[in-house]
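A.B. asks: Test case, fold it:
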Amino acid sequence: MKTLGEFLISDQKKHKESTGEFSAVIHALRLAAKVVNHEVNKAALVDIIGDYGKTNVQGESQQKLDVFAHELFIKALANRKIVCGIASEEADVFIDLQTNEEYNKSKYVVLIDPLDGSSNIDVNVSVGTVFSVYKRLSPIGSPLTAEDFLQKGTAQVAAGYVLYGTSTIFVYTSGNGVNGFTLNPAIGTFYLSHPNIKLPKTGSTYSINEANFATFPAAVKAYLKERKENDEKYTTRYIGSMVSDIHRNLFQGGVFLYPPNKKMPTGKLRLLYECNPIAFIVEQAGGKAISMGERIMEIEPEDLHQRSSFFCGNKEMIEVLEEHLKRG
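C.D. replies: Got it, this is the predicted structure:
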């Protein structure tokens, strides 16, 4: 069974122009994920659960583990000197690492949601990390600009997530399929456990917070009503930790739905930190990801913390939803 490191080496050999820089980025993310996993597993014992006492740029209460994971991933990426900039859901602005001469030759930027679903830590529910890797647009060695981060999802070099659950799994794609690596905690190594992940052809699960049903768009209401009335196998499975819901649907089939509502008229999820990376993974696994009628990865970002509606999962299930969205 291949380790993540061995997999990266064999993949790197397929690309003669490869310098090893991309592999180093994944190695840094892997290292930070192992440390976060360790802390998540003993969170209640070391007083890092609960509110941190501050809010992030989106006005949401930060959890202690949000801050810990944010700082850890920044440190892991910065210390390796292999990325020139980082944007985090927990930071107001992007971080330009080029204050040090050693970073001036770096061509990659990383966008990250350090700990998705962190409030679930208090009740021992799975949480995750979501990340994207892009090539910068500005010339190497020059100051970073917002445009280096405000790129369409189609420009992603890689995307992935880490799920901290009953086991810890690192799932990522670099545009050639999706692979999952499970952590052996005894020796601290990720092994290829789920090669070439593909969504099942059909699914019967939908993941959605129906507490907001009354203010969903009419097309989404019609879609849900039709599914409930015409498909006896259709069932709800909603954890409230996006990475957990996406991971289950990736293996069992289904759709994840986060439509706009009265409180969040443009949607709640962050386009750059959540929607784009998950969309890349889902599409590479044979599925589909859209907003209210547009392919997620074709949306032109305008703001680092831009929100979007988000629907992804089995292609045929999403296409049924698209028909409803077209009818309005």
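A.B. asks: how does the chain divide into domains?
C.D. replies: 4-194, 205-327 (automatic domain parsing).
A.B. asks: Let's have those domains in CSV, adding mean neighbour count and mean pLDDT.
C.D. replies: From N, CA and C alone the C-beta is placed, and that goes for glycine too. Output for the domains of the chain, formatted as CSV (neighbours: other Cβ atoms under 10 Å; pLDDT from 0 to 100):
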stretch, mean neighbour count, mean pLDDT
domain 4-194, 18, 84
domain 205-327, 19, 94
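A.B. asks: how near is Leu29 to Val133?
C.D. replies: Here Leu29 is placed at a distance of 9 Å from Val133 (Cβ to Cβ, to the nearest Å).
A.B. asks: Tell me which residues touch the residue nearest to Pro195 when sequence neighbours are not counted, please.
C.D. replies: Nearest residue to Pro195 in three dimensions, chain neighbours excluded: Asn179, at 5.5 Å (Cβ to Cβ, 6 or more residues apart in numbering). By Cβ atoms under 8 Å, 6 or more residues apart in numbering, the contact list for Asn179 reads 7, 171-173, 192, 194-197.
A.B. asks: Determine the three-state secondary structure at Asn179.
C.D. replies: strand (DSSP: H, G, I helix; E, B strand; the rest coil).
A.B. asks: hey, what's it bridged with?
C.D. replies: For Asn179, the beta-bridge partners are Tyr172 (DSSP bridges).
A.B. asks: before we move on, what about the one 10 residues further on?
C.D. replies: For Thr189, the residues forming beta bridges with it (DSSP bridges) are Asn184.
A.B. asks: Which residues lie in contact with the residue nearest in space to the middle of the chain in this structure?
C.D. replies: Computing the C-alpha centroid of the chain and ranking residues by Cα atoms, centre = their mean puts Val130 first, at 3.1 Å. Each residue near Val130 by Cβ under 8 Å, 6+ apart is listed here: 112-113, 116, 159-161, 242-243, 273-274, 277-278.
A.B. asks: Then Ile112?
C.D. replies: By Cβ under 8 Å, 6+ apart, the contact list for Ile112 reads 73, 86-89, 129-132, 273.
A.B. asks: Strands - which of these land there?
C.D. replies: Among the contacts of Ile112, the residues falling in strands (DSSP state E) are 86-88, 129-132.
A.B. asks: before we move on, the earlier item: between Leu29 and Val133, what contacts are shared?
C.D. replies: Shared contacts of Leu29 and Val133, counting by Cβ under 8 Å, 6+ apart, come down to Val110.
A.B. asks: show me where the stretch 101-250 of the chain has strands.
C.D. replies: Here the stretch 101-250 of the chain has its strands, by DSSP state E, counting those that start in this stretch, at 108-116, 127-135, 158-164, 168-173, 178-184, 189-194, 205-207, 235-236.
A.B. asks: Indicate which one of the ones you listed is closest to Asn41.
C.D. replies: strand 158-164 (7.8 Å; Cβ to Cβ).
A.B. asks: counting contacts, what elements does the closest one pack onto?
C.D. replies: Contacts defined by 3 or more Cβ pairs under 8 Å, 6 or more residues apart in numbering; DSSP states H and E place strand 158-164 against helix 21-41, strand 127-135, strand 168-173, helix 242-252, helix 276-284.
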